[in-house]
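Chemist: Could you look at this predicted model? Sequence included:
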Amino acid sequence: MQVVILAAGMGKRLRPLTEDVPKPIVRVGDRPILEYTLSILPEVIDEVILVVGYKKEKIMDYFGDSFNGLPIKYIEQTVFNGTAGALDLARPALKGGAFLFLYGDDLYHPEDLKEVAVSNEPVVLVKEVNNPEKFGVCLVDDDGYLLDILEKPENPPSNLVNIGVYLLNQEIFSVPKVQLANGEYNLAAQIGLWAKERRVKTIKARFWHPIGYMEDVEAAHFLVDLPPEKRLN
């Protein structure tokens with residue numbers, strides 16, 4: 001199984017840390033953020049597709065063509081037109097079948113990634129948070145299947161949010177892309193449309209630490225020192 005990891009962003013909110021390096025290469029503890037994710041990918045993953053952009057050479061020089069024996073293929077995103085746009089760029093490199101999708105600048109739990117990867121149907125990994133208005137809010141039915149994803153609603157109907165980890169397949173490319181007001185094509189909204197046509201399961205994450213601001217980096221220094229069994233939130 002392949003995994004598509006987005007690592008193209010500029011990380012403007014993390015300046016000055018990102019003035020010389022892309023956000024996924026910002027160090028937490030003694031390693032770049034992205035390295036923590038690569039080190040916990042499920043055993044079923046046999047190839048990494050990294051979508052790179054801003055200061056891409058920093059990522060490419062650091063990881064080279066493989067990580068712990070896992071081959072890495074790089075796709076360059078020159079126009080930052082959203083997550084769905086990034087996935088479209090990766091499409092020619094996909095071999096068919098199911099693939100994992102996630103971000104290269106958040107911290108995840110290895111058991112969560114494993115549970116998503118071994119599912120026999122599409123998955124959105126979700127988490128209950130205290131500030132759902134900052135994320136894509138997931139509406140689910142009584143059986144835990146996705147009904148829709150509402151992008152940063154002013155009055156969230158739920159505190160269950162999409163954390164950007166998906167198990168997808170080639171069907172997603174037949175679903176119309178959704179363009180937001182800022183001009184970007186949003187993959188979460190596209191998956192929300194997909195869920196109206198077929199069953200998309202949600203799985204609740206044990207742990208998720210998004211890194212968007214300097215205080216998130218500071219907290220991450222502590223979190224990465226915890227063993228996985230204690231890395232829960």
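Modeler: Here it is on my side, so go on. Numbering: from 1, shown residues only.

Chemist: where do the helices sit along this protein?
Modeler: 33-39, 56-63, 83-90, 110-117, 187-194, 214-223 (DSSP state H).

Chemist: Go ahead and name everything in contact with the fifth one.
Modeler: This means helix 187-194. If you take CB atoms under 8 Å, 6 or more residues apart in numbering as the criterion, helix 187-194 is touched by 82-84, 86-87, 101, 122, 124, 136, 146, 148-151, 162, 164, 166, 168, 171-172, 175-178, 180, 200. Heads up, the C-betas are built off the backbone N, CA and C, glycines and all.

Chemist: and if you look at the third one?
Modeler: Under the contact criterion CB under 8 Å, 6+ apart, helix 83-90 has outside partners 4, 6, 8, 49, 51, 75-77, 79, 101, 164, 172-173, 177-178, 184-188, 190.

Chemist: Those residues, buried ones only, as a ChimeraX selection?
Modeler: The ChimeraX selection below is limited to those of the contacts of helix 83-90 classed as buried (16 or more other CB atoms under 10 Å):
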select :4,6,8,49,51,75,77,101,164,172,177,178,184,185,186,187,188,190
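
Chemist: hang on, the earlier thing: give me the buried entries from the contacts of helix 187-194.
Modeler: Taking 16+ other CB under 10 Å as the criterion, what is buried in the contacts of helix 187-194 is 82-84, 86-87, 101, 122, 124, 136, 146, 148-150, 162, 164, 166, 168, 172, 175, 177-178, 200.

Chemist: circling back to that earlier point, go through the contacts of helix 187-194 and flag which are in strands.
Modeler: In strands, judged by DSSP state E, the following of these are found: 101, 124, 136, 146, 148, 149, 150, 151, 162, 164, 166, 168.

Chemist: Tell me how many other residues surround the residue lying closest to residue 107 once chain neighbours are set aside.
Modeler: Leaving out its chain neighbours, the residue that sits closest to residue 107 by CB to CB, 6 or more residues apart in numbering is residue 209, at 4.1 Å. Neighbour count for residue 209, taken as other CB atoms under 10 Å: 19.

Chemist: Alright, calling it a day.
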